[in-house]
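1. Here is a sequence together with a model predicted from it:
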Amino acid sequence: SSMQYRFQCFAFNLSFGYLKFVFREMKVLKNPELRGSYLLVKLTRSLIRERPEHRATCEILMLTRTGRTRIHPDGPVVWGWIRKVMHMVRVERIAESELYMFTDKQKLPLLSRERKAYQAAKKERIQAEKTELEKQSRIKFYERMESLGLKEIAEETEQKYKEQMKEKKF
């Protein structure tokens, strides 16, 4: 299976202690009780003479200089990044109750995620408001045309509008 292949690859290059750590973390990812925790990641080695993939991964983890620490949510994506640069970083698990002890700069990845979620929610809210206003304006237009006795023109414009909306969807 793929797990055995991974084990063979790890065993070929790395020590057994590291393997134990990796497999323990794989078990943690499957355990839903431990998913509410966070990871404190610290860059312990310099990026000089490292492969470009490792530099890019450290940039994703927001570790640009030696000694920098960042807090990331515990999850499979973050563990994938950490495994790429495991030889350069130190990782500690932090409970949610301990987050207050760290600075905002260390929590930067968490804050940027919250900002992105807020921006996405704001965009959805604005879109919903636009569609609601559009709907109300169409109703008013239809009522006004009906009161003027131009019901046929109002129906034609409504059909044209529906056709335009169908074209936008496809």
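-> Yep, it's here.
2. okay, which residue is most central for this structure?
-> Arg113 (6.5 Å; CA atoms, centre = their mean).
3. who's in contact with that one?
-> Pro73 (CB atoms under 8 Å, 6 or more residues apart in numbering). Using the backbone N, CA and C atoms, a C-beta is placed for each residue, glycine as well.
4. just the helices in the protein please.
-> Remark: helices of the chain, listed N- to C-terminal, are 2-13, 16-30, 52-60, 76-84, 108-147, 151-169; assignment by DSSP state H.
5. distance of the residue nearest to the centre of the chain from His72?
-> Noted for Arg113: a distance of 9 Å to His72, by CB to CB, to the nearest Å.
6. Give me the common contacts of those two.
-> Joint contacts of Arg113 and His72 (CB under 8 Å, 6+ apart) do not exist.
7. Quick check: which ranges of the chain have low pLDDT?
-> 1-36, 169-170 (pLDDT under 70).
8. relative to its centroid, which residue of it is most remote?
-> The chain, CA atoms, centre = their mean, max distance from centroid: Gly149 (53.9 Å).
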